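Chemist: Generate coordinates for the sequence data below:
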Amino acid sequence: MKHTTEGWGSGLLGVIIFSGSLPATRIAVADFSPIFLTCARAVIAAVLGGTFLFALRQPRPARRDVLPLVLVAVGCVVGFPLLTALALQQITAAYSIVFVGLLPLATAIFGVLRGGEQPRPCFWLFSSIGAAAVTGFALYGSKAGNVSGDLLMVAAILVCGLGYAEGATLSGRLGGWQVISWSLLLSLPLMALIAMACLPANLGAVRTSSWIGLAYVSVFSMLIGFIFWYRGLALGGIAGVGQLQLLQPFFGLLLAALFLNEPITWSMVISTCIVIACVAGAKRFS
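Modeler: Here you go, the predicted structure:
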C-alpha cells in the first residue's frame, strides 16, 4: 500500500511537470524547426542524464534491456517530441491538449500488451469515461484543429503510450531516471548529428521566449518529469497511475490562466471534477 501511494504521488509530480510541455513546445517552434527542437532537447537532456549515470557509477543495462530502451527512445525521445512539434505548427497548444486525454488509454493498452498487466473491467469503464470527459471538454466549441495536425497528435499519443509502458517495465530493474537517461544516451549520437545539421542560420534572432521553451522541454519535460513518472508507474502500476494523465490537460489550462491570463470556465471546473472521480475509480480497480 505504501509503495502504491508513493507511486501515485510520484506520478502526479511527473504529470504536473509534463503539463507545461505542449505550451513550451508551441513557444519554441516559433523560432526553431521541429526537427532541431526534437534533437536539441534530446542532446541537452542526454548530456545531463549521462553525467548523472557516470558520476553515480550506475551499472550498464543488460543485453535484454537494449530493445526496450530503444523503444523508449523511439516513443519518448524522438517520436512524441517530433510529432507534437510538427502538429503544433498547425494547431494551437490549447487544442492539442485534447489528445493528452487519450494517453492514459494508450498507456494502459500497451501496459497490458507489453507489461502483462490485467486491470479489472471497471478500470476500463472509468478510463473510458475520463477520456471522453477530457475529449468533450477540449473539443467543446473548438475550431482550432485540422486533419493533418490531428493525425500527428494521434500518432504521437500512440508512440508515447508505448514508450511509457516500456519505460515503466524497465524501471523495476534499472530505476526510473536511469531508464530515460540510458535511452537518451542511446539516441545521442544520431540526435547530435541531426541537431548540428538543422542548426538555425541566425541564433541571434531567436527570441528569449523560444530559448526558455527549449530549456523547459529539455530539462523538465525530457528528464526531470520522467524521473518522477517512471518511478510512479513502476511503484503504482502502469495502467492505474497512467490515469493521472487525464489531469494533465487541466493543469495545462491552469498554467495558461496563470501565465497567459486565459479564463477558467465552469465547464473546466465540472470536467475536472468528473476526471478526478474517474482517476479515483481507476485507482481503485487497477
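Chemist: which residues of the stretch 151-286 of the chain fall in strands?
Modeler: Per DSSP state E, counting those that start in this stretch, the stretch 151-286 of the chain carries no strands over any range.
Chemist: For the nearest residue to Leu71 once chain neighbours are set aside, give its distance to Leu102.
Modeler: If the residues on either side of it in the chain are set aside, Leu71 comes closest to Glu166, at 4.5 Å by CB to CB, 6 or more residues apart in numbering. C-betas here are computed from N, CA, C, even on glycine. Computed with CB to CB, to the nearest Å, the distance linking Glu166 and Leu102 is 18 Å.
Chemist: More neighbours: those two, which one.
Modeler: Neighbour count, other CB atoms under 10 Å: between Glu166 and Leu102, Glu166 has more, with 28 against 20.
Chemist: which residues does Arg41 contact?
Modeler: Counting by CB atoms under 8 Å, 6 or more residues apart in numbering, Arg41 touches 81, 214, 217-218, 221-222.
Chemist: of the residues you listed, closest to Val206?
Modeler: Top of the list for closeness to Val206, among the contacts of Arg41 and by CB to CB, is Leu214 at 8.7 Å.
Chemist: Verify the contact between that closest one and Ala42 for me.
Modeler: No - counting by CB atoms under 8 Å, Leu214 stays clear of Ala42, with 11.4 Å between them.
Chemist: With neighbour numbers in mind, choose between those two.
Modeler: Ala42 (30 against 23).
Chemist: mind listing what the more buried one touches?
Modeler: Residues in contact with Ala42, defined by CB under 8 Å, 6+ apart, are 77-78, 81, 184, 187-188, 191, 222.
Chemist: CA atoms only for the helix or strand harbouring it - export them in CSV, please.
Modeler: For Ala42, the element it lies in under DSSP states H and E is helix 34-55. C-alpha atoms of helix 34-55 as CSV (Å, rounded to 0.1, in the frame of the first residue of the first chain):
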residue,chain,number,x,y,z
PRO,A,34,10.5,20.8,-35.2
ILE,A,35,13.5,18.6,-36.1
PHE,A,36,16.0,20.9,-34.5
LEU,A,37,13.9,21.3,-31.4
THR,A,38,13.4,17.5,-31.0
CYS,A,39,17.1,16.8,-31.4
ALA,A,40,18.4,19.7,-29.3
ARG,A,41,16.2,18.8,-26.3
ALA,A,42,17.3,15.2,-26.5
VAL,A,43,21.0,16.2,-26.7
ILE,A,44,20.8,18.6,-23.7
ALA,A,45,18.9,16.0,-21.6
ALA,A,46,21.3,13.2,-22.7
VAL,A,47,24.3,15.2,-21.5
LEU,A,48,22.6,15.8,-18.1
GLY,A,49,21.4,12.3,-17.8
GLY,A,50,24.7,10.8,-18.9
THR,A,51,26.6,12.9,-16.4
PHE,A,52,24.4,11.6,-13.6
LEU,A,53,24.8,8.0,-14.8
PHE,A,54,28.6,8.1,-14.8
ALA,A,55,29.0,10.3,-11.8
